[in-house]
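In: need a 3D model of the following:
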Amino acid sequence: MANPQKVYWDSSVWIALIKGETVKGIDRTVVPRMILEDAENGKVTIFISRLTIVEVHKKRHYASLTKEEDDRVQADFFKHEYIKKIDVDSRVAERARQLAWEYNLNPNDAIHVASAIKGNAEILHHWDGDFRKVPSDIMPSEEPLNWEKQMSFLP
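Out: Got it, this is the predicted structure:
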């Protein structure tokens with residue numbers, strides 16, 4: 001399919017999916033599963049920072065993934081061709097450093113924003129973080145995780 005939507009996922013989306021999180025009555029796995037299905041069908045490309053590969057191991061203030069959960073993430077999710085990994089190279093690191101200082105972001109969130117920018121992501125999905133501090137003209141669209149089967153995505 002030509003021109004799949006480019007979506008960037010912060011680590012919190014992966015963690016919610018892996019852990020089966022429900023917060024305040026909201027099942028945080030429903031929407032990511034829909035997006036993964038669209039990605040499998042070539043309608044979406046999911047971008048992540050290579051930082052995510054390590055960061056999903058433990059979300060702040062939560063228990064670490066079990067070894068089995070961590071292995072499953074590495075095997076079941078990050079190996080697919082529709083998941084594009086952005087290297088934390090010097091360009092991303094310098095941009096993240098600038099974003100962290102300018103918008104008072106935590107370093108990992110700054111790396112995610114810089115990675116989303118490098119990947120030309122159209123939207124950045126997350127369940128936590130300081131992303132709202134970054135002006136919309138700098139960061140990809142920051143809509144909440146709401147995913148609909150839009151007409152443009154139908155065959």
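In: which parts of the lowest-mean-pLDDT helix or strand in the chain are buried?
Out: In the chain, the helix or strand scored least confidently by mean pLDDT, DSSP states H and E is helix 67-72, which has a mean of 78. Residues Asp70 are the ones in helix 67-72 that count as buried (16 or more other CB atoms under 10 Å). C-beta coordinates here come from the backbone N, C-alpha and C atoms, glycine included.
In: export that helix to CSV, keeping only CA atoms.
Out: In CSV, the C-alpha atoms belonging to helix 67-72 read as follows (Å, rounded to 0.1, in the frame of the first residue of the first chain):
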residue,chain,number,x,y,z
LYS,A,67,12.0,-12.1,31.4
GLU,A,68,9.2,-13.8,29.4
GLU,A,69,7.4,-10.6,28.7
ASP,A,70,10.6,-8.9,27.7
ASP,A,71,11.6,-11.8,25.4
ARG,A,72,8.1,-11.7,23.9
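In: parallel or antiparallel, which strands does the helix or strand following it pair with?
Out: Using DSSP states H and E, the helix or strand that follows helix 67-72 towards the C-terminus is strand 83-86. Sheet pairing of strand 83-86 (DSSP bridges) gives strand 44-49 (parallel).
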